[in-house]
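J.: Predicted model follows, preceded by the sequence.
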Amino acid sequence: APQGAGDYMAGLNPEQRLAVETTEGPVLVLAGAGTGKTRVLTTRLAHILATGKARPWELLVVTFTNKAAREMRERITHLIGPSAEGLRWLGTFHSVAAQILRRHAELVGLKSSFTILDMDDQERVLKQLLEAANIDTKRWTPRSLSGMIDHWKNRGWTPDTLPAGEDFANGKGKGLYAAYQARLVSLNACDFGDLLLHNLTILGKNPALAEDYRRRFKYILVDEYQDTNVAQYLWLRLLSSSTGNVCCVGDDDQSIYGWRGAEVDNILRFERDFPGAKVIRLERNYRSTSHILGAASGLIEANKGRLGKTLWTEADGGEKVRVQGVWDGEAESRLIADEIETQRRAGRKYSDIAILVRASFQMRAFEERFVLLAIPYTVVGGPRFFERAEIRDAHAYLRLIQSEDDDLAFERIVNTPKRGIGDTSVQKILAIARQHNLSALTAVRGLINTDELQARTRTALSNFVRDLDRWRAMAGTVTHGELTETILEESGYTDMQRADRASGQTRLDNLKELTQSMQAFDSLQAYLEHVSLVMDLDRGAGEDAVQIMTLHAAKGLEFPLVFLPGWEEGVFPSQRSIDEKGEKGLEEERRLAYVGVTRAREDARISFAANRLVYGRWTSQLPSRFVDELPIDHVQAESDTGYYGAGPGLKEAKSRWDDTPVFGAGYSSPGWKRAQSFTASTTPRDRMARNAVIEGKGRLIATGDPKASSNWARGERVFHQKFGYGAIRAIEGNKLVVDFEKAGEKKVIDTFVEKT
Ligand code: ATP
Ligand code: MG
């Protein structure tokens, strides 16, 4: 039930209360994780509404994900009741910008029914343009151009304002960018970056209109401000006056979207652009135990150039952050799944548990394990589902019904399922359409009655057009789900999938899922827009399920128990970010680690594997440097293989495990890996070998054994689990070239080989 006036403020600390009550003038809340920034923003919103300072539609509220927007709406409804429904300008930057663009699309040459292209469509358009310009698309790929254009758009640059020096394919950058924008207009489409960019154009070129919006939005509230990029920043500036009531909340230590053009500098710029801005700091963390907070704070201290802040909590110490080394990725998923079951038996809900990964490839092992053990889980934030071909096909039908101009949708489904309209005919149609400046579908309507195309093709096309028209007429009279089912049935799409014994059933199940999920939308357009905007798909949301997601997707969220797997050099910090951006990249990775640890309320578990299958290849892994950076007082290291790694794990092991044979080594030493292979093995012979490395029970060998690197000899006979017996031909670091008796010559990692 909604609470009485003022009740929503109950429990806020004085600084939080100040941030809520300082409604007039610019305010920047700069504070660490879990200090209640989002809560302050939500309460502030409630306060403004409850005190009648503004009506719901006079508030512009920007969150970082759709999920966050949804949660904020729910919290507001809880605080102030049904009047929260009028909050029509609450959403992500993209969704609010899309709304504004729909109202003024004609100012940038679009119709308000414009479609929002996804990556695939975008790349198809760019490929055509590159080919038309005779550019080698192997060297200059559509994907890299799409990345480039996205980068430009994030900085607020149009083809006209593109600075010299920004280029693609030796001087063709600007021309390609302009051609792409023109092509999008003719398709009545835009891409993601355009949503904001077109807004900037529209508001920039129409001061009266911009002034209209500035008057409309009496209060502006922005969450996760540290991750805004230049375009978003400019957009906020256009919609607010310098004396405006703008409240931004953020944490420089959680800036993790540098690769998308986010600028921490926006935080610093705030005080300059909004003179007299009040800066409020919150220092009390309400989310996590003191061990979790201590571990996270210690970790982030390794970053330079921080604004710096204090964080404290009154919460109990709780459990120390557990760090566990395991043999390989599978052992890691087994460990975590078992722990989840244990927790579950002890009364914890699945939905209170999250697994936060650095990269999506890490998800597979968990998903497989969970399916095996029937642990319910949901993958949050991955657009995987919507990226499936069958889903995209279904959407293409709907898009074409929604907008006759959508040539990309036309191309995708005109012959899917096969209707006897060959590629040549399709190309011909597209050429004619372009020549006459028509959409493909409009061109088809004309061509049906001419002799341009073969009679057979004409018949197929006229049936196709007749079907589309019939479905379009149905659109208003049945639910979207029913409409989609009808289309899939009548077009023969369902039959086509039924005929596919290999994966047809999975696809039909996905389509079923799709038609079920569509019902919640008022209009087809709203649904299609949702699909384009959706960045956080939560299948099975609402169910009691373990949440799997990337660290990026976890921003702003919290869970009682958080697993942080894959803390290995190369995985996390990711090799790519270090290769591409050096120290800056590393610092961003460390902020990501900070975000990860601070998601946990009661319990955080970090793990790393010694070996991992990365993109189909086995690689041996070194523990992440972040493991080392965790302050020892807040960490408890464990291992089921006897391996503790360097850093705190090693020190911890020394003090804790008196009667267990343990060893560790500086992880750059060659002895480390040798020892590792012995302890993980359970055969008597290996245990003997291990004892040679570990000098007796309870003795800790704290440094690498230099002799260990020459443990292998050329010509030595070895055994490998998969390839059998063989002889060593060459030794290259930790890799051996082995001449196997059955499998022939292979290069293998030495830890997978046993001496015979
Ligand atoms: P992040 O930086 O991770 O986004 P945040 O600063 O936005 O964190 P919130 O998510 O708003 O933090 O709050 C963290 C947790 O602390 C939430 O569970 C919130 O309800 C709780 N919390 C915030 N302020 C208070 C308070 N004054 N009393 C009790 N609990 C609070
Ligand atoms: Mg928050």
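T.: Nice, I can see it. Ligands and ions are numbered 1, 2, ... in the order given.

J.: Going by C-alpha atoms from here, please, whenever you check contacts or count neighbours.
T.: Will do.

J.: near ligand 1, which residues of the stretch 351-500 of the chain show up?
T.: Residues of the stretch 351-500 of the chain found near ligand 1 (C-alpha under 6 Å from any ligand atom): none.

J.: low-scoring pLDDT stretches of the stretch 351-500 of the chain, where are they?
T.: Scanning the stretch 351-500 of the chain for pLDDT under 70 picks out 361, 364, 368, 371-372, 381-387.

J.: hmm, try it at 90
T.: The stretch 351-500 of the chain contains residues with pLDDT under 90 at 359-392, 418, 422-423, 449-454, 475-481, 495-500.

J.: Just the strands from the stretch 1-150 of the chain, written as ranges.
T.: Taking DSSP state E, counting those that start in this stretch as the test, the strands found in the stretch 1-150 of the chain are 27-31, 59-63, 90-92, 115-116.

J.: The closest residue to ligand 2 within the stretch 501-650 of the chain: what's it in contact with?
T.: Nearest to ligand 2, among the residues of the stretch 501-650 of the chain, is G556, at 4.2 Å (C-alpha to the ion). Going by C-alpha atoms under 8 Å, 6 or more residues apart in numbering, G556 touches 38, 68, 224, 599.

J.: nearest residue to the last one other than its sequence neighbours?
T.: Looking back up the chat, that one is R599. Excluding its sequence neighbours, the residue lying closest to R599 (C-alpha to C-alpha, 6 or more residues apart in numbering) is E558, at 4.5 Å.

J.: isn't the one you found right up against A600?
T.: Yes: shown here, E558 and A600 form a contact pair, counting by C-alpha atoms under 8 Å, at 5.9 Å.

J.: who touches both of the two?
T.: What both E558 and A600 touch, as defined by C-alpha under 8 Å, 6+ apart, is the set R287.

J.: which of these two has more neighbours?
T.: Neighbours per residue (other C-alpha atoms under 10 Å) separate E558 from A600, with A600 holding more: 27 against 20.

J.: okay, that one: pLDDT?
T.: For A600, the model assigns a pLDDT of 98.

J.: And G325, by the same measure?
T.: For G325, the model assigns a pLDDT of 85.

J.: Tell me which strands the helix or strand hosting it pairs with, and in which orientation.
T.: For G325, the host element (DSSP states H and E) is strand 321-328. Strand 321-328 pairs in its sheet with strand 600-614 (parallel), strand 635-639 (parallel), by DSSP bridges.

J.: Please tabulate these in TSV, including the columns distance to Q516.
T.: Shown next, in TSV, are the strands paired with strand 321-328 (distance: least, C-alpha to C-alpha, whole Å):
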stretch	distance to Q516
strand 600-614	33
strand 635-639	45
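
J.: domain ranges for this structure?
T.: Following automatic domain parsing, one gets these domains for the chain: 7-100+198-284, 118-186, 321-383+543-640, 385-533, 712-755.

J.: and those domains, which one is worst for confidence?
T.: Ranked by mean pLDDT, the domains of the chain bottom out at domain 712-755, which scores a mean of 82.

J.: Can you get me the start-to-end distance on that domain?
T.: End-to-end span of domain 712-755 (C-alpha to C-alpha, to the nearest Å): 9 Å.

J.: and P142, how far is that from ligand 2?
T.: Noted for P142: a distance of 36 Å to ligand 2, by C-alpha to the ion, to the nearest Å.

J.: The chain should start at 767 in everything you say after this.
T.: OK, 767 is where the count begins now, so the last one is P908.

J.: who are the neighbours in contact with that residue?
T.: Residues 889-890, 892-893, 896 are the ones in contact with P908 under the rule C-alpha under 8 Å, 6+ apart.

J.: can you map out the strands along the stretch 1217-1366 of the chain?
T.: Secondary structure of the stretch 1217-1366 of the chain (DSSP E, counting those that start in this stretch): strands located at 1312-1316, 1325-1330, 1366-1380.

J.: Help me confirm that V828 comes into contact with F859.
T.: Yes: at 5.9 Å, V828 counts as touching F859 under the criterion of C-alpha under 8 Å.

J.: As CSV, the strands paired with strand 1087-1094 with distance to ligand 1 would be great.
T.: Below are the strands paired with strand 1087-1094 laid out as CSV (distance: least, C-alpha to the nearest ligand atom, whole Å):
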stretch, distance to ligand 1
strand 1366-1380, 8
strand 1401-1405, 21
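
J.: Nearest residue to the closest residue to ligand 2 within the stretch 817-966 of the chain in space, please, no chain neighbours.
T.: Nearest residue of the stretch 817-966 of the chain to ligand 2: A834, at 8.8 Å (C-alpha to the ion). For A834, ignoring the flanking residues on the chain, the nearest one in space by C-alpha to C-alpha, 6+ apart is G1322 at 7.8 Å.

J.: same question, Q1263
T.: Once flanking residues are discounted, Q1263 sits nearest to G1270: 4.5 Å by C-alpha to C-alpha, 6+ apart.

J.: What is the neighbour count of the one you found?
T.: 17.

J.: same check, this time on L867
T.: Around L867 there are 24 other residues, counting by other C-alpha under 10 Å.

J.: and what of M775?
T.: 18.

J.: Done for today, thanks.
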